[in-house]
Each structure stands twice: as structure tokens, then as C-alpha cells.
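Enquirer: after the sequence you'll find the predicted model.
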Amino acid sequence: MKLTIGMRGISLRQLKIFMNEVNAQRSLRQMKIFMNEVNAQHSMRQLKIFMNEVNINNMQMQSNATDASTRATGNRASGLLTGRAFPTRAISILQIAIIFTAMSCSNNGIKPDASGTFEADEVVVSAELNGKILSLNVEEGDTLVRDSVVGRIEAVNLSLQKDQVMASINALSQKTTDLAPQLKLIQDQLLVQQSQVAHLQKEKTRVENLLKLDAATGKQLDDINAQLDAALKQEVVIRQQISAQKSALSTQNRSVLSEAEPLRKRAEQLDEQLARSYIVNPVSGTALSKYAQAGEMTAAGKALYKIADLSVLTLRAYISGSQLSQIKLGQPVTVLTDAGEREYKKYTGTISWISDKAEFTPKTIQTKEERSNLVYAIKVRVKNDGYLKIGMYGEILLNTQE
């Protein structure tokens, strides 16, 4: 009978011999559980811990070699060991190789080039006004569309301020002076003056005709010319008065209307602030967290909810300096995720970012020796079929190993 560990078979007799050398009191079931844990974690650190335990047990067993020999003879008599009694000693190189073979075979022969966790570009949507949240139609897990209105913040004070500004603008229009009534009197005077000028011109013509017939004197003609000249000058003065009056009224109106422009700008600012009272979703994606509820008071800059586009996730991993020359931006790679105890699920990813600076391995790496190594961070974009989650562990094959 054989016990299969990974893809390699170890006979029950060899396993019992191995267990006896490690610890005579360790049961077959405990050994199988430990091997499964080693295969699942496949970390050197656990193997080192295991080796240290074995060496401690061996030292304890060597302190009483006679008892160990007796137990081996008893085991041989009971059929647990056949052929010979084994001395207590450290695990042989061959047995360590068996463990490594079982561990490597448990991953179906796939050795990842890098590993890391999935992350997404998360966007925290915050309030842009101070006030009471009237509505917030967002729940965790909801799929939201970009530029959709998902809530509103109370902005009564801003609305009242805008009404006040608009009332001030309307009041300014009543302060302006209408030019037509002010100029009508002067324009009427101009018409009268023009009529007098026309009459004097006719009188001048008549006097000139009479003078030719010796029916009028030269003094009469001079008097008519003087009156006509005075009338013409008076007409010019009236026209100047009209121009001066128009200029004065226009200046007065401009002074009043100049106050309206700042008020209009203020009204535009209030419109923009009122638009911020509506909570608009900035990106399409899935709501991850909700930090506020309708009816609560909020402030500008306070987070309301968090959203991320989960259709494409980013796997952040770390590679060594020797692997840096094997990758480039846009390079396709194979991404592996756990799909059960012994299986992997494969995805196709694309390298979207490569760090230009080396850094020490993150503290999540278990051994101190590995943390002291310099590595380069990379990001791989992977299209999500719905099974990838933020924080999930993933592995990368640079050469798309099968």
C-alpha cells in the first residue's frame, strides 16, 4: 500500500521509518496533516521550523540510546518495523529531497516568477457642501453609472442668498434714469428755435427782394441778418445742451449699472455652489463602502462613499533585479489564482507599470533574509470575470508557463 503526497508516491514502510526517526510519538495522521500544510503554504520558513523540531527531538532521543534501541526492537516484534532497527539520527539528505519533491509536485510543476495581491483604483466621493444629507441612494455592492445623481445635500441658505442677489439686480434697474423724458423739453426748444430760423430766413429773402425794388432800406436787411445770426447761434447752443444732457444721464446710468455686474457674478457663484448640493457619481463602478446616511450632517470634504471600477483589477507584485530585463510595458503575462486546494485558475494580464526604483521587499514577506533583498514593483492589469477580488493573492508567470 502507498500513500500519495502531491505527485510522488512514498511507501508506507518508508514513511513509518521516517516518522520513527523524527519522533517515535508522532502519529501517521499528524504527519499527513503537517505535509498538507507544507504543500499548501510551500514556504521555506515552515520547513526550517519543522527541521528545528526534528533536530530537538533527535537530541532528546540520543540522550537515551538504550531506550530507543529497545523501542525499535519492540516495534520490529509488533510488525511496525521490519528488517532492522534504525538508530536515532538527523534526517538524511535523501529524505529531505523526498519532502522537496512532494512540495514541488503539489503545484503541478508550476513555479511562479512573482506574486502579489490584487488592487483597484478606488475613488472616495466626498461632500462639497456643509449641510444635512437629504438623500444618498448608494448601497454597498451597487453598480453606479458615471455622472449619475445619487444624492443631495440641503442648500436652503445658498438658495436664499441667490434670491437676495437677484432682487438687488432688479432694484438697480429702477435706479437708472430714462433719457427720453429728460431730453424731450430741450428737443422741443430746439424745434421752436429751428422754426424761428426758418422764419427769419424767409424775412431776409423778402427784404432783399424789396431792397432791389428800392422798397426797403439797407438797415432793415441788416436787422434781419442780425436776428438770423442770433437764432442760428441759439440753435447751436440748444444742440449742445442736448448732447451734454445725454452724456450726464448716460454717466449716471453707467454708475448705477456698474453695480449690477458684480451682483451677476455673485449669482453665478451661488449657482455653481447650488449645483454642488447634488451628489454626482464621478466614475462607473461598484460601491465598496458607504460612510454616511441620509439625515446626517456632513461637511465639505467629508467622505460619503467609496467606489472602484472592478471590471479591470491591478495585480501589484515584486520582481528581482535579474528578472527586470525580461519584462517591458505592455507585455502579456499569465496570472494564476487559487481555484481550490490543488488547482489554479489562469488569466491573461498586461504589464502596465514598472517601478524605476528598487526597494526592499515588503514586510509581508515572512523571512528576514528575503525582506533584505532589493526588488522592483510592477503592476499587471487583469480583466475581471467576476471572480477576482481586491486583496486576493495572485501569481505571475512571465513566460506564460503551462
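Expert: Now that the structure is in, tell me what you want to look at. Computed from a predicted model, the values in this text were never measured in an experiment. Numbering: from 1, shown residues only.

Enquirer: all strands for the stretch 51-200 of the chain, in order.
Expert: Taking DSSP state E, counting those that start in this stretch as the test, the strands found in the stretch 51-200 of the chain are 114-119, 122-126, 131-136, 143-144, 149-153.

Enquirer: identify whichever of those strands lies nearest to Gln240.
Expert: strand 131-136 (60.1 Å; CB to CB). Placement of C-beta: from N, CA and C, glycine included.

Enquirer: quick one: strands adjacent to the closest one?
Expert: Using DSSP bridges, the strands paired with strand 131-136 in its sheet are strand 149-153 (antiparallel), strand 297-298 (antiparallel).

Enquirer: so which bits of that strand are buried?
Expert: Using 16 or more other CB atoms under 10 Å as the burial criterion, the residues of strand 131-136 that qualify are Gly131, Ile133, Leu136.

Enquirer: which segments of the chain make up each domain?
Expert: Per automatic domain parsing, the structural domains of the chain span 2-105, 114-120+310-397, 128-153+278-304, 163-271.

Enquirer: what about the nearest residue to Lys162 once chain neighbours are set aside, which SS state?
Expert: By the measure of CB to CB, 6 or more residues apart in numbering, the closest residue to Lys162 outside its immediate chain neighbours is Leu270, 4.2 Å from it. Secondary structure, DSSP: H, G, I helix; E, B strand; the rest coil: Leu270 is helix.

Enquirer: test my guess that Leu270 contacts Val165.
Expert: Yes: contact criterion CB atoms under 8 Å: Leu270 and Val165 qualify, at 6.7 Å.

Enquirer: what's the distance between Ser355 and Met392?
Expert: Applying CB to CB, to the nearest Å, the value for Ser355 to Met392 is 22 Å.

Enquirer: meant to ask about Leu183
Expert: Distance from Leu183 to Met392, by CB to CB: 83 Å.

Enquirer: out of these two, which sits in the busier spot?
Expert: For Leu183 versus Met392, neighbours defined as other CB atoms under 10 Å are more numerous around Leu183 (17 against 14).

Enquirer: ok, longest helix in the chain?
Expert: Scanning the chain for the helix with the most residues, using DSSP state H, yields helix 218-257.

Enquirer: what residues sit buried inside that one?
Expert: Gln220, Leu221, Ile224, Gln227, Leu228, Ala231, Gln234, Glu235, Ile238, Ile242, Gln245, Leu249.

Enquirer: same check on stretch 268-278?
Expert: Residues of stretch 268-278 classed as buried: Leu270, Gln273, Ser277 (neighbour count, 16+ other CB under 10 Å).

Enquirer: now what about it, what contacts it?
Expert: Stretch 268-278 is contacted from outside by 128-129, 131, 149, 151-155, 158-159, 161-162, 165, using CB atoms under 8 Å, 6 or more residues apart in numbering.

Enquirer: what sits closest to Lys345 if chain neighbours are left out?
Expert: In space, Lys345 is closest to Ala339, 3.9 Å off (CB to CB, 6+ apart).

Enquirer: give me the distance between the one you found and Tyr387.
Expert: With the distance defined as CB to CB, Ala339 ends up 8 Å from Tyr387.

Enquirer: identify the contacts common to these two.
Expert: In terms of CB under 8 Å, 6+ apart, Ala339 and Tyr387 are both contacted by the residues Lys345.
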